[in-house]
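K.L.:
Sharing a model prediction with you, sequence too.
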Amino acid sequence: MRESSAVRWTRRVVLTLLTIFTVLPLYVMVTSSVKPLRDVQGAFRWIPTHVTVRPFIDMWHTVPLGRYFINSLVVSGCATVCSVIIAIFTGYAVSRYRFPGRGTFMTAVLSTQMFPGILFLLPLFLIFVNIDRYTGITLYGSRLGLTITYLTFALPFSIWLIAGYFDTIPRELDEAARVDGAGPMRTLFRVILPVAAPGVVAVAIYAFMTAWGEVLFASVLTDHSTRTLAVGLREYSNQGQVYWNEVMAASLVISLPVVVGFLALQRFLVHGLTAGAVKS
Amino acid sequence: MSTTVTAPGDAPTRAPGAPRRRFRRPGRALLPYLLVLPALIAELAIHVIPMLVGVWMSLLHLTQFFIRNWTAAPYGGLANYRVAVDTHGPVAKDLLHSFLITVGVTAVVVALSWLFGLAAAVFLERPFRGRAALRTLFLVPYALPVFTAVITWRFMLQRDSGMVNNVLSDKLHLVHGHPFWLLGGNSFVSLVLVNVWRLWPFAFLTLMAGLQSIPGDLYEAAAIDGAGFVRRLRSVTLPLLRPVNRVLVLVLFLWTFNDFNTAYILFEQPPADADMISIHIYNASFLTWNFGLGSAMSVLLLAFLLIVTLVYLGAGKLRSRHA
């Protein structure tokens, strides 16, 4: 197939424009994070005139970023571990067993993805406040409450992705394991999981990204001591002055781990994320 | 959703005629339910029960006096719904305005995200140097945590120190002076811009995967018949992408329509022209602590989304039957 020069030029122009569009915010984030405060408060400059690493040091003092970091890590980490474990069991059941209610269950799980978060937020807030009142278990304002909430956010997609990965593993492996006398759980942990490891890691990254970036529930269900990064990043301002260089430095540090993780595992994730749409 | 997506595992697993797997012990029949149980409990606890509670709350006069003692809140029947839809009152007027803004933002964002995604996917189809790098680059906005991405845009859209005014006004002289981007009518444009930046990579991803499933010889055949680039796009690519598009557009629609994060971080208090409905309900609930009214609005929002989704899926089914 020969490509006409008109098409070639259209392609170059379109891809260039999309590249500029994509890169601009990333460029601004990186260059502004090494500027002194007065340079981000004045007119925008493309090339930083005074390069400094101060923002990367000061950002930990202006706002208790370290605490927010730990809160985010604990909440996202626990939510990820829990949701991946739950998704592994559920995915195994869905992939390897035909049981009544299976289709309904999968549809119901997926349809929770379409509900507006605001719909659960108010009742959940109220339920948490009242559980505290009647049982003394603190969910509102605690990391536990946020962890439980986040683990369900990643769950629907995680279940679909993991069940999809398990489906690609030939059933002959299960049969062989059974012949060797392994029960269903042994088969799952000794045979299926090792083969599906890259998929499970990709799902973990997805679950972590979901929790790491969540704002709405974090802004309502946390208090001063349990605040996560998503809420804490807004505190780099006082009396109308915003420390934009520190905001950008913090954003860079917050983003880097998940972006690197995502890009490293994108092959597995992309396959799973798009499989649902392509299959239909 | 069951009509659009095949559950994993639905592919035929046994060769025809192969013996049916039987369960040896009766306990085995219970095993799948035990495996599913944790997920079921989690979904019930965080999604299903709060949703039902939300519906119930919408029927109560649940104001600030009853937050810690909500069982004492007086039953109000459909009173909250009446307040939410009676367009003579200020509450319903604002809600309707917010709804229309949300519809507008969603329509533009979905259209542009899809268009950008399609353009990138089509133009990255044939191999060239730097293709893998571009592909990875285009995924970065999708991988960035939403709040860091949006706060960067917030910085770029600042009136005096932002990059956007620097480019548009000082460099290209496209606009006169330094307009506000986070206030007034421009806030609509800003919100669309940021949403598209965040969403189009997902459209790109999905469409790219969709294109890979189109056999190359179809293009060969079309090319031999003398079909040019545009013709091939219209007669081969787009029709074969239809099933992918159907799900993609629905997902983009639901994400944008329900979006809270982008507008919340971009504006803190969104101006009237960027008053997304999730934030509107959030403010209506937490500023006045009238959770009953807020719940009624949320239920109306869910009802709208359900109807749109069902009509959309139903219409798609009818069309594919007649196609």
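P.N.:
Received, thanks.

K.L.:
and the closest residue to residue A:84 other than its chain neighbours, what element?
P.N.:
Closest residue to residue A:84 apart from its sequence neighbours, by Cβ to Cβ, 6 or more residues apart in numbering or on different chains: residue A:204 at 5.1 Å. C-beta here means a position set from N, CA and C on the backbone, and glycine is covered the same way. Here residue A:204 is covered by helix A:193-212, with elements defined by DSSP states H and E.

K.L.:
Could you pull up the mean pLDDT of that helix?
P.N.:
Mean pLDDT, computed over helix A:193-212, is 86.

K.L.:
Can you name the next helix or strand after that helix?
P.N.:
Per DSSP H and E, the first helix or strand lying C-terminal to helix A:193-212 is helix A:216-221.

K.L.:
Pull the distance from that next one to the chain's centre.
P.N.:
On the basis of Cα atoms, centre = their mean, to the nearest Å, helix A:216-221 sits 16 Å off its chain's mean C-alpha point.

K.L.:
quick one on the thing from earlier: wait, the residue nearest to residue A:84 touches residue A:80, no?
P.N.:
Yes. At 5.4 Å, residue A:204 counts as touching residue A:80 under the criterion of Cβ atoms under 8 Å.

K.L.:
Between the two, tell me which one has more neighbours.
P.N.:
Set residue A:204 next to residue A:80 and count neighbours by other Cβ atoms under 10 Å in any protein chain shown: residue A:80 wins out with 25 against 20.

K.L.:
mind checking how far residue A:210 is from residue A:229?
P.N.:
14 Å (Cβ to Cβ, to the nearest Å).

K.L.:
So if I had to pick from these two, which one is more boxed in?
P.N.:
The neighbour comparison of residue A:210 against residue A:229 (other Cβ under 10 Å) goes to residue A:229, with 28 against 21.

K.L.:
Now do that one, the pLDDT please.
P.N.:
89.

K.L.:
For the closest residue in space to it that isn't next to it in sequence, which residues are in contact?
P.N.:
Excluding the flanking residues, the one nearest residue A:229 by Cβ to Cβ, 6+ apart is residue A:72, at 4.4 Å. When contacts are counted by Cβ atoms under 8 Å, 6 or more residues apart in numbering or on different chains, residue A:72 touches A:212, A:228, A:229, A:230.

K.L.:
thought the third one was touching residue A:254?
P.N.:
In other words, residue A:229. Yes. Here residue A:229 reaches residue A:254: they are 5.5 Å apart, a contact under Cβ under 8 Å.

K.L.:
what do these two both touch?
P.N.:
In contact with both residue A:229 and residue A:254: A:69, A:212, B:145, using Cβ under 8 Å, 6+ apart.

K.L.:
Around the residue lying closest to the last one once chain neighbours are set aside, count how many other residues there are.
P.N.:
Counting by Cβ to Cβ, 6+ apart, the nearest residue to residue B:145 once its immediate chain neighbours are dropped is residue A:213, at 3.8 Å. Taking other Cβ under 10 Å as the criterion, the count of residues near residue A:213 is 23.

K.L.:
just residue A:28 next, same as before
P.N.:
Neighbour count of residue A:28, defined by other Cβ under 10 Å: 22.

K.L.:
Just give me the closest of the shared contacts of residue A:229 and residue A:254 to residue A:45.
P.N.:
Proximity of these to residue A:45 was ranked by Cβ to Cβ; the top entry is residue B:145 with 26.2 Å.

K.L.:
thought that closest one was touching residue A:257?
P.N.:
No. Judged on Cβ under 8 Å, residue B:145 makes no contact with residue A:257 at a distance of 9.8 Å.

K.L.:
The two: which has the busier surroundings?
P.N.:
A count of neighbours by other Cβ under 10 Å puts residue B:145 above the other of residue B:145 and residue A:257, at 25 against 13.

K.L.:
low-confidence ranges in the chain?
P.N.:
Assuming you mean chain A. Within chain A, the set of residues satisfying pLDDT under 70 comprises A:1-2, A:238-239, A:269-280.

K.L.:
right idea, wrong chain: chain B
P.N.:
Those would be B:1-27, B:67-70, B:319-323, if you go by pLDDT under 70 across chain B.

K.L.:
now the helices for it?
P.N.:
Per DSSP state H, chain B carries helices over the ranges B:31-43, B:49-57, B:79-85, B:90-123, B:131-143, B:146-156, B:163-165, B:186-212, B:216-224, B:229-232, B:238-258, B:261-267, B:277-288, B:291-322.

K.L.:
Taking helix B:277-288 as reference, get the angle to the last one.
P.N.:
Angle between the axes of helix B:291-322 and helix B:277-288 is 170 degrees (criterion: axes from the mean of the first three to the mean of the last three Cα atoms, to 10 degrees).

K.L.:
Return the set of buried residues in helix B:291-322.
P.N.:
Under the neighbour-count criterion of 16 or more other Cβ atoms under 10 Å in any protein chain shown, helix B:291-322 has B:291-302, B:305, B:309, B:313, B:316 buried.

K.L.:
Do any residues in it lie close to chain A?
P.N.:
Yes. Helix B:291-322 comes into contact with chain A (Cβ under 8 Å from any Cβ of the partner chain), by way of B:291, B:294, B:295, B:298, B:299, B:301, B:302, B:305, B:309.
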